[in-house]
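Chemist: The following comprises the amino acid sequence and a computationally predicted model.
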Amino acid sequence: MSNVYDYILDNFKRDLSLNEVATIANLSSSAFCRYFKKFTRKTLSEFLIDLRIGYACKLLQNNNMGISQISLDAGFNNVSYFNRKFKVLKGETPMEYQRHFIVKKAN
């Protein structure tokens, strides 16, 4: 599983297919889904979204980049999807999240 995890960490910023990651694990797609869910308690898609949102949070805290650029850098191809998933996971929009850190830097 460490090979799979390392592969995902190295490539999460681009589109990853289930088949691609399952090949790294030397499993069929369905066997990989069962194995991955048992190991992480998340689907591959949920795991990738969490990873990408976490990376976006770091960018939002440390950069003055725009939300659309951050969403692309984090591996999201659609800004509105990024905003929606971010709000579900963090309870606020990316812009609201970023404002917390802009205010702290100003003080």
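Modeler: The structure has been received and is ready for your questions.

Chemist: Now the helix or strand hosting residue 83: average pLDDT?
Modeler: Here residue 83, judged by DSSP states H and E, is contained in helix 79-90. Per-residue pLDDT over helix 79-90 has a mean of 97.

Chemist: Show me what it packs onto, helices and strands only.
Modeler: On a contact count with 3 or more C-beta pairs under 8 Å, 6 or more residues apart in numbering; DSSP states H and E, helix 79-90 meets helix 44-62, helix 67-73, helix 94-106. In this view, the C-beta of every residue, glycine as well, is placed from N, C-alpha and C.

Chemist: How much space separates the spatially most central residue of the chain from residue 14?
Modeler: With distances taken as C-alpha atoms, centre = their mean, residue 52 lies nearest the centre of the chain, 1.6 Å away. Per C-beta to C-beta, to the nearest Å, residue 52 is found 11 Å from residue 14.

Chemist: any residues in contact with both of those two?
Modeler: Jointly contacting residue 52 and residue 14 under the rule C-beta atoms under 8 Å, 6 or more residues apart in numbering are residue 75.

Chemist: ok, now which ones touch the residue nearest to the centre of the chain?
Modeler: Per C-beta under 8 Å, 6+ apart, neighbours of residue 52: 12, 13, 74, 75, 76.

Chemist: Buried ones only from those, please, as a ChimeraX command.
Modeler: Command for ChimeraX that selects the buried part of those, burial taken from 16 or more other C-beta atoms under 10 Å:
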select :12,74,75,76
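
Chemist: Can you list the low-confidence ranges for the protein?
Modeler: In the predicted model of the chain, residues 103-107 satisfy pLDDT under 70.

Chemist: swap the cut-off to 90 and go again
Modeler: In the predicted model of the chain, residues 1-2, 62-65, 99-107 satisfy pLDDT under 90.

Chemist: Make a markdown table from the helices and strands packed on helix 79-90 and add distance to residue 3 to it.
Modeler: As requested, the helices and strands packed on helix 79-90 are arranged in a markdown table below (distance: least, C-beta to C-beta, whole Å):
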| stretch | distance to residue 3 |
| --- | --- |
| helix 44-62 | 15 |
| helix 67-73 | 25 |
| helix 94-106 | 32 |
